[in-house]
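Visitor: Everything below, folded, please.
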Amino acid sequence: MEVNFLRKEYPKFIYNDYKIGEDNEKIYIEYDFEIENLTKFNPKIEILKKKFKFKSINSSIVENIVFSLGMVEAISYFKATCSPQFFIKCGKLNSFQENWFKKLFYLGLGEFRYINNINISNENWVEFISEGKEIDVTEQAENLNGILIPVGGGKDSNVTLDLLKDYKKDSLIFRIGSNKVSTECAKVAGFTSEEIVEVKRTIDKNLLELNDKGFLNGHTPFSAIVAFLTYLCSYLLGKKYIALSNEDSANESNVEGENINHQYSKTIEFENDFREYSKEILKANVEYFSMLRPISELQIAMLFSRLEEYHSVFKSCNVGSKSSDWKWCCRCPKCLFVYTILSPFLYKEKLVNIFGEDLFEKRDLLKTFIELCGFGETKPFECVGTYREIRFAISETIKKCGEKLPFLLNYYIENFKLTEEKELLSYYNENNNIPKEFENILKNKLAI
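Guide: Below you'll find the model as predicted:
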């Protein structure tokens, strides 16, 4: 359906309410969203208690985090019609919050707008109209301790686990959903299943029905949900730090000349914005940062190539994650990117053992390969590295292969130039938020 028609037909999105409760097994949150004259949505979140000791959920701090989390959860439902007015009946946004969420709703849906050919300015994208009461929050001065480490099962979070291994005693793993891969990665790092904070998100089926009917659909800023959820869990568990695994490479746009980024909520821009929001609004004294922010995907691959204990268990393929037995699908941009970025360090036998086949021999991946290298119309809309580091990784692998090259590497050398940017392996961006004691660990590992 056409966006202008939908915005005219369904001008009002409503954030009606949120509920927080608990029983012996879980803390649960339920939201009440509505597209007026169309349908309602009641997405749910559950934080499994296991043996953890949680703070009381009956506080203004918790209520305020849950309310703000609801604003981000609402994006998945708002995007079905992109209603120009967003009514809030269960809370009140001040001017700082209005500007903050306008930016997130716009840039966080950048890929969505691009894919759906939506040309609406930030100024006209959405208007927030608060009809509820402001939540009065007093900043918490209490001492928090330890680290919450989000782990999805990919190479990046495993590098973070290794970097912070000396802090394991005061650390917990965080994950959304339950999968064997993250469990195995946590196990390699020395964590038991009882040391994993597990959160379950349930998407309302009414949204899926709208998608089937042709209402608008597309990518949303999932990492922004992770930010608020980890912040909530850190506060409830008394953890001081949230150590993400987002890297410098996430800052590159997918569309040249435009601020359209599949990874927007993994960028340093969002990280800084969220830190400011948590300080000004959430006030729980929890510190959110990324352990890998100063370095690139290439450097992460270099560090991960040395962690052989993780090689047989890690997975990054989003296609494969949807099957019961999570495997590398070996046909998507993410698989080819991970294969490529690891190739200077692990090609050929070790990489083939991980993936089950040589992806550089797959002719059906040529278009994806060209896009990853930066010679297509856009970068694949996936969490992949920069053009420079991908070209360098390919160039280094070609040099090591000798004369007999697999199909994709042979195509590269026949059509593009090799690069000699050795400085990429010693890159370090000082624009980061890593606490000094943790930053020294990273610098020592990189020998900087």
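
Visitor: now the residue of the chain most remote from its centre, what's its secondary structure?
Guide: What lies farthest from the middle of the chain is Glu403; by CA atoms, centre = their mean that is 39.4 Å. The local conformation at Glu403, judged by DSSP: H, G, I helix; E, B strand; the rest coil, is coil.

Visitor: try Tyr28
Guide: Tyr28 - assigned by three-state DSSP - is strand.

Visitor: List phi and psi for the residue farthest from the centre of the chain.
Guide: Here is the backbone geometry of Glu403 (degrees, to the nearest 10): phi -80, psi -30.

Visitor: And it, how far from Arg275?
Guide: 51 Å (CB to CB, to the nearest Å). The way it works is simple: take the backbone N, C-alpha and C, and place the C-beta from them, glycine included.

Visitor: doesn't Ser60 make contact with Asp136?
Guide: Yes - here Asp136 reaches Ser60: they are 6.1 Å apart, a contact under CB atoms under 8 Å.

Visitor: Looking at the two, which one has more neighbours?
Guide: Using other CB atoms under 10 Å as the criterion, Asp136 and Ser60 rank with Ser60 on top: 12 against 8.

Visitor: List the contacts of the nearest residue to the more buried one once chain neighbours are set aside.
Guide: Distances taken as CB to CB, 6 or more residues apart in numbering put Val137 closest to Ser60, at 4.9 Å, once the chain neighbours are dropped. With contact set as CB atoms under 8 Å, 6 or more residues apart in numbering, Val137 has these partners: Ser60, Ile61, Asn64, Ile281, Leu282, Lys283.

Visitor: would you turn the residues you listed into CSV with secondary structure, pLDDT and distance to Tyr339?
Guide: Below are the contacts of Val137 laid out as CSV (DSSP: H, G, I helix; E, B strand; the rest coil; pLDDT from 0 to 100; distance: CB to CB, whole Å):
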residue, secondary structure, pLDDT, distance to Tyr339
Ser60, helix, 93, 48
Ile61, helix, 94, 44
Asn64, helix, 96, 43
Ile281, helix, 96, 41
Leu282, helix, 95, 39
Lys283, coil, 92, 44
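
Visitor: From the residues you listed, list just the buried residues.
Guide: The neighbour-count test (16 or more other CB atoms under 10 Å) marks Ile61, Asn64, Ile281, Leu282, Lys283 as buried among the contacts of Val137.

Visitor: any idea how far the third one is from Ser95?
Guide: Spelled out, it's Ile281. Distance from Ile281 to Ser95, by CB to CB: 12 Å.

Visitor: Over to the first one?
Guide: Remark: distance between Ile61 and Ser95 (CB to CB) = 22 Å.

Visitor: Could you chop the protein up by domain?
Guide: Listed domain ranges for the chain are 3-290, 297-426 (source: automatic domain parsing).

Visitor: So for Glu437, which of those sits nearest?
Guide: domain 3-290 (9.2 Å; CB to CB).

Visitor: you'd agree the residue nearest to Ser60 is in a helix?
Guide: No - if the criterion is three-state DSSP, then Val137 is coil and not within a helix.

Visitor: On the three-state scheme, Thr81 is what?
Guide: coil.

Visitor: Equivalent analysis for the one 10 residues further on, please.
Guide: The three-state label given to Gly91 by three-state DSSP is coil.

Visitor: cool, and Lys187?
Guide: Going by three-state DSSP: Lys187 is helix.

Visitor: mind listing what's buried in the helix or strand harbouring Leu207?
Guide: Here Leu207 sits within helix 205-212, counting by DSSP states H and E. Across helix 205-212, burial judged by 16+ other CB under 10 Å covers Asn206, Leu207, Leu210.

Visitor: residues in contact with that helix?
Guide: Contacts with helix 205-212, where a contact means CB under 8 Å, 6+ apart, come from Leu38, Thr39, Lys40, Phe41, Ser76, Tyr77, Ala80, Asn217.

Visitor: rewinding a little: model confidence score at the residue nearest to Ser60, please.
Guide: At Val137, the predicted lDDT confidence score is 86.

Visitor: what's the answer for Phe67, then?
Guide: 98.

Visitor: which residues does the nearest residue to it once chain neighbours are set aside contact?
Guide: Nearest residue to Phe67 in three dimensions, chain neighbours excluded: Gly91, at 4.7 Å (CB to CB, 6+ apart). Neighbour list for Gly91: Tyr15, Phe67, Ser130, Gly132, Lys133, Glu134, Ile135 [criterion: CB under 8 Å, 6+ apart].

Visitor: how about Gly91, phi and psi?
Guide: phi -180, psi -180.

Visitor: roughly how far apart are it and Ile45?
Guide: Distance from Gly91 to Ile45, by CB to CB: 17 Å.

Visitor: Assess the claim that Gly110 and Asn261 are in contact.
Guide: Yes - the pair Gly110 / Asn261 is scored as a contact, 6.0 Å apart, by CB under 8 Å.

Visitor: which one of the two has more residues nearby?
Guide: Regarding Gly110 and Asn261, a neighbour count based on other CB under 10 Å identifies Asn261 as having more, with 24 against 20.

Visitor: For that one, give me the pLDDT.
Guide: pLDDT, Asn261: 80.

Visitor: Show me the shaky parts of the protein.
Guide: Filtered on pLDDT under 70, the chain yields the residue ranges 141, 320-324, 448.

Visitor: any idea whether Phe33 is helix, strand or coil?
Guide: Put simply, Phe33 is strand when judged by three-state DSSP.

Visitor: What count of nearby residues applies to it?
Guide: Count around Phe33 with other CB under 10 Å applied: 24.

Visitor: Contacts only, for it.
Guide: So Phe33 contacts Phe13, Ile14, Tyr15, Asn16, Lys40, Phe41, Asn42, Pro43, Glu73, Ala74, Tyr77 (CB under 8 Å, 6+ apart).

Visitor: Of those, which is the nearest to Gln299?
Guide: Ranked by distance to Gln299 (CB to CB), those are led by Glu73 at 33.6 Å.

Visitor: Do I have it right that that closest one meets Ala224?
Guide: No - in this structure Glu73 lies outside contact range of Ala224 using CB under 8 Å: 9.7 Å.

Visitor: quick one, which of these two is more surrounded?
Guide: Ranked by neighbour count (other CB under 10 Å), Glu73 and Ala224 place Glu73 first, with 27 against 22.

Visitor: tell me the strands in the chain, going along the chain?
Guide: 12-22, 26-35, 39-41, 44-48, 85-88, 127-130, 147-150, 171-176, 196-202, 241-244, 287-290 (DSSP state E).

Visitor: strand partners of the first one, parallel vs antiparallel please.
Guide: In other words, strand 12-22. strand 26-35 (antiparallel), strand 85-88 (parallel) (DSSP bridges).

Visitor: now the ones you listed in JSON lines, with distance to Asp170?
Guide: Putting the strands paired with strand 12-22 into JSON lines (distance: least, CB to CB, whole Å) gives the following:
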{"stretch": "strand 26-35", "distance to Asp170": "22"}
{"stretch": "strand 85-88", "distance to Asp170": "37"}
